[in-house]
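In: sequence unknown, structure follows:
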């Protein structure tokens, strides 16, 4: 029934290639099927002005799509002179999700920026971004710990994200582009290892949903994130 | 236990003053306690370029805070030269929420813009905006029907929004500013009369939450929105 | 002869509702007939960079129209990404007019920003803004004096503003929108209690005017401002 | 008493060099003493969108200062990415002043843009701009009439502008920079040949002024503009 | 003598991986050593307004660096709200270089945009971009010819680019980042198969150069481009 | 054969009028035939942030065209809100060219900005700008040395620039507008007295060129710059 022939609770193949670029303190190219996002973690020994003197660090995210990551070419935000509302929404979500698993005191007075640049888009770019950003962050923090710049691990848990939706009446896991364009409900879940929730964003597009529908989507998301947690571990150990 | 002395499932007083401005086709000043938002509906006989020739209309939202709606003065977005990510996120949510209850075919080739301008902020400005925008929209559509410009009511249901959160370990309804600044989880629910959900946005701030927590927040939201639905009806009948 | 039936030297009803918002140090909603402007005074313990070390304060104004304050919806300046020339002209006028009655040395090293946001427009929004801004400023300074932050009153006089014009050949006081759109000459006067002038801006639109015409407009303005001075006193005493 | 040694009603030397640039349909370099402004009139066979189909033309002005026209270098507006409020105020005034003496119907469906670029500034740049723009306009219209593109002269009169002010208690004509920085009142008058007024902008800076003061400034302005009218005629005949 | 141990006329390894992204009509990931650029060619059935009705097409380039392509993170141009002068210079060069080998009449009324996004930077990003853009263009045109949309090949020749410079007194080919930062002269050559030149940009940085120096750099560039031409052929045949 | 009747190696008349504006530390109006550029040098006792503490100064350039410097009016970059890629390219070239002949250590911790504003354009505005900027810089540095602010001359040589091109198959010197619009190759050379090269930018427009062509253009440029060097000396001695 799904265009891809997947079962309702079946994710696309996930691959994580670490060290994709050499300058970043942590980096990976993460793929959810044909969706591919380059995630880099950049450590800088400076913090935003409003944090000065608090003995804390900061973790933030930025997001962009290459102009031809999509089926038809989109205009370049740098050329248009501003970031779209969608871009800003996504990069705020990335930062918030990663901060949910970082102890900013233990990070010390430094900033880690997670850049998520979509090389190819086929649905689920924000969830791949969050999932890959954790890997880049983990690698960057590992290197800070190896060099002795940080003594206690500031990362408290794994975080991953996945989209679910109601497609032709059936709750399904990990929507690809053909499903995404046609789903009645589109939900993104950011989950933390051990069953906790960092963020739920569930939007009715064509048809509204009810409490039962929300729960079924959440349960699919747990299945999906368990799979991502396993891939994250493999990539960083 | 709540700073305001309210019970966990107790909303602030809601008032809706319709016809607050004379030029708009529909308008109201909605208050959730000390939060006050001016909502206007403007009907224009034009549609966005990408809708041309489809025989459909469009409903969109814009949102802004007056610079001194808040405890300390914020800079004016028009002076800074761009809208913040937060503003864009909220106005996208307003438009999406209202479109969830409008049949755009029945609206015909016209656009209704819902401007939500926060006069005074004390927590919950986006939920007051959505709830008041429905009233302004209802009044504007009533007048289009009275004049015969529209023959079949394009509004399919009431929509309202409310925030809930986990405050000092307890799920509470309709957070005011002191609670909002200090809550562990901050969730916004956009609900449709009859138990359907248009949107859930639930974010862990200090501590994460689990499935049970999400459900308890959703149930509080249903109580709150039922109260708002009643006030919306009183204001528009 | 006037569309409103008013006599040539008759103003619209003026009302001033103080304390319209709770966060600002001073605020009022001022109405000149159907023109309604929310004026707030915000005190900040900082000054512009170029004033540092001079032992002086600063008073400045900002102005905006809500998108649907007018007959047809105007686009939001924050969305367009810049303030129009008209907006900038008006906010420079507001700041200059208020500074004409403030001793900046006595104000001390702090800034007061007067935000004038037009809720509903029916002609004369800039003159209502200036007249209401004085009330907000008076209330904010009263509170600074009550708290002992300021010891000598920095406000040296009342200031008010009114528009006059030549409408169908007759000089008239306080133009409303139908007159404003159709007047040959449109003049704004900013006057100080006791007969002094802070600013004259008199523009020929359809037909030019002569010295006699300018004087007749100035004399009408004096009548109008005397009325506003009285309302300002009532509101602040 | 004046820093320059001029009598109170004495203008600076005015020179007008026509044809300063070869591409513009009309151009001149106008000097009021050390203030020098290049004024060009550009004729384009197109009109603003909101004028289409009305059978009328349009006249508009633009204004800029070269970065080092002033004592210390100012940043370039093109580099900053926006025009200052002052620039916008002045270019709106230039356009309005010239339109006061043009019959837009007789101009036909074309636009004339008057660019006023300040090469060197020593006070009075906006009044020199308006006075020189009339010369550039006159020359451009002459050429349109010579070519037969226009059959009836759309220019109805001469227009000129001059600044006056109250300097150390005395009303003086044509303020130069040292006077301008130190004047109590700074007024700009745009006058039309024959004693009519197009615009008065009179601002109290240090001390306020009264009706008598306004009249004395206006009378000085008439003396000044009569001198400019004579120079304009010499330059264009 | 070179930091990399290369001979003066020795290039870095060049690899070209075609089909790197699936949506673009043509794409490749080109590497000059550690410099890696993703080049995509997007075909659109529209042309810039100023070309309409001429029966010609257009070829244009855009360029960007991912924020962490470099040793230290650079800010994102989309976030800053404008493209740097360097970016604009490079993308103008890319477009000009490719147009030098395209017959725009044969292309027909369509536009091909060459997006060059630098994944990792180690010197020579603009020359890798041009060399890779030709490959993406070739692939896109091949597909237009295969589908019959174009009947006569509009590509007239191969074009490639390489940097040369004078490093510690010796002319060297294909500067990497350590050389680039330290070279006395930095030159970029865009050459066409068969010995023709499309563009020379040769800039003295530390020390100036003479005619003999320019010629020696040009001859190195010919060696380098011959190598690139061979790789381009291998990748597209 | 040339539209102007000039011989292939014949420049237009060059004139340099120094002291064209009174405020700048150095200024000239330079003409290459009908191309006229106002060049000013502004000395400021501040340096860019990234130079602080290095004991060095900075030299930078800015460039602009007046809107009606050209045959048809161009829009004002300040009004459009950004500088074009062409403008940025040219101003980067101006700064680089002048820095090639300045010892920044000897300049001391100050910045000199060279503003090149094109009053009238007829081809070759960037080369006239560089050639005139050197004169303005020389005059400004002379005055810094006369006042004792600088003790050792930081200017190491003269620098000048000229365009050459291949026009109807023949290499020609100093292209004017009719030639520039129609040339096959357009090259700009920045040369230093004594035969050194600071910059070559040679672009094939209609037809490509070869090594021999490049050399012939370079030799023409040397002839042209020798003429400019002589005029620069006359103007500054």
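Out: On my side now, so go ahead. Just so we're clear, the structure is a prediction, and the values are computed from it rather than from any experiment.

In: could you measure the nearest residue to residue A:150 once chain neighbours are set aside against residue E:71, distance?
Out: Residue nearest to residue A:150 in three dimensions, not counting chain neighbours: residue A:144, with 4.4 Å by C-beta to C-beta, 6 or more residues apart in numbering or on different chains. Every residue, glycine included, has its C-beta placed from N, CA and C. Distance, residue A:144 to residue E:71, using C-beta to C-beta, to the nearest Å: 17 Å.

In: in the helix or strand hosting residue A:203, what counts as buried?
Out: Secondary structure from DSSP states H and E places residue A:203 in strand A:196-204. By neighbour count on 16 or more other C-beta atoms under 10 Å in any protein chain shown, the buried set for strand A:196-204 is A:196, A:197, A:198, A:199, A:200, A:201, A:202, A:203, A:204.

In: show me the contacts for the fourth one.
Out: Neighbouring residues of residue A:199 by C-beta atoms under 8 Å, 6 or more residues apart in numbering or on different chains: A:93, A:96, A:97, A:100, A:161, A:188, A:189, A:190, B:201, B:202, B:203, B:204.

In: pretty sure residue A:160 sits against residue A:233.
Out: No - assessed by C-beta atoms under 8 Å, residue A:160 is found out of contact with residue A:233, at 10.8 Å.

In: look at those two and report which has more neighbours.
Out: Per other C-beta atoms under 10 Å in any protein chain shown, whichever of residue A:160 and residue A:233 has more neighbours is residue A:160, with 30 against 13.

In: burial of the nearest residue to that one once chain neighbours are set aside, as a residue count?
Out: Spatial nearest neighbour of residue A:160, chain neighbours left out: residue A:228 (3.9 Å); criterion: C-beta to C-beta, 6+ apart. Residue A:228: 29 surrounding residues under other C-beta under 10 Å.

In: can you check residue A:157 too?
Out: If you count neighbours by other C-beta under 10 Å, residue A:157 ends up with 15.

In: quick one, what contacts it?
Out: A:101, A:192, A:193, A:194, A:196.

In: let me know the pLDDT of the last one.
Out: Going back to what we said before, that points to residue A:196. pLDDT, residue A:196: 94.

In: can you pull the contacts of the residue lying closest to it once chain neighbours are set aside?
Out: Spatial nearest neighbour of residue A:196, excluding adjacent residues (C-beta to C-beta, 6+ apart): residue B:208 at 3.7 Å. If you count contacts by C-beta under 8 Å, 6+ apart, residue B:208 has them with A:100, A:192, A:196, A:197, A:198, B:185.

In: is it true that the fourth one touches residue B:211?
Out: Yep, that's residue A:197 we're talking about. Yes - with contact defined as C-beta under 8 Å, residue A:197 counts as touching residue B:211 (7.3 Å).

In: buried ones in the following helix or strand past the strand holding residue A:203?
Out: Sequence-wise, the next helix or strand downstream of strand A:196-204 (DSSP H and E) is helix A:211-236. By neighbour count with 16+ other C-beta under 10 Å, helix A:211-236 contains the buried residues A:213-214, A:216-218, A:220-222, A:224-225, A:227-229, A:231-232, A:235-236.

In: what's the answer for stretch A:16-23, then?
Out: A:16, A:18, A:20, A:21, A:23.

In: ok, so of these, who is nearest chain D?
Out: Distance to chain D, by C-beta to the nearest C-beta, is smallest for residue A:23 among the buried residues of stretch A:16-23, at 30.6 Å.

In: so how far is residue E:123 from the residue nearest to that closest one when sequence neighbours are not counted?
Out: Nearest residue to residue A:23 in three dimensions, chain neighbours excluded: residue E:71, at 5.4 Å (C-beta to C-beta, 6+ apart). The spacing between residue E:71 and residue E:123, counted by C-beta to C-beta, is 11 Å.

In: who's more crowded, those two?
Out: Remark: of residue E:71 and residue E:123, residue E:123 carries more neighbours, 23 against 12, as counted by other C-beta under 10 Å.

In: so that one sits in a strand?
Out: No - under the criterion used here (DSSP: H, G, I helix; E, B strand; the rest coil), residue E:123 is coil, not part of a strand.

In: mind listing what it touches?
Out: So residue E:123 contacts E:35, E:163, E:175, E:176, E:177, E:178, E:179, E:180 (C-beta under 8 Å, 6+ apart).

In: and the last one, backbone torsions?
Out: Backbone torsions for residue E:180, taken as degrees, to the nearest 10, come to phi -60, psi -40.

In: is it in contact with residue E:163, as I believe?
Out: Yes - under the criterion of C-beta under 8 Å, residue E:180 makes contact with residue E:163 at 7.5 Å.
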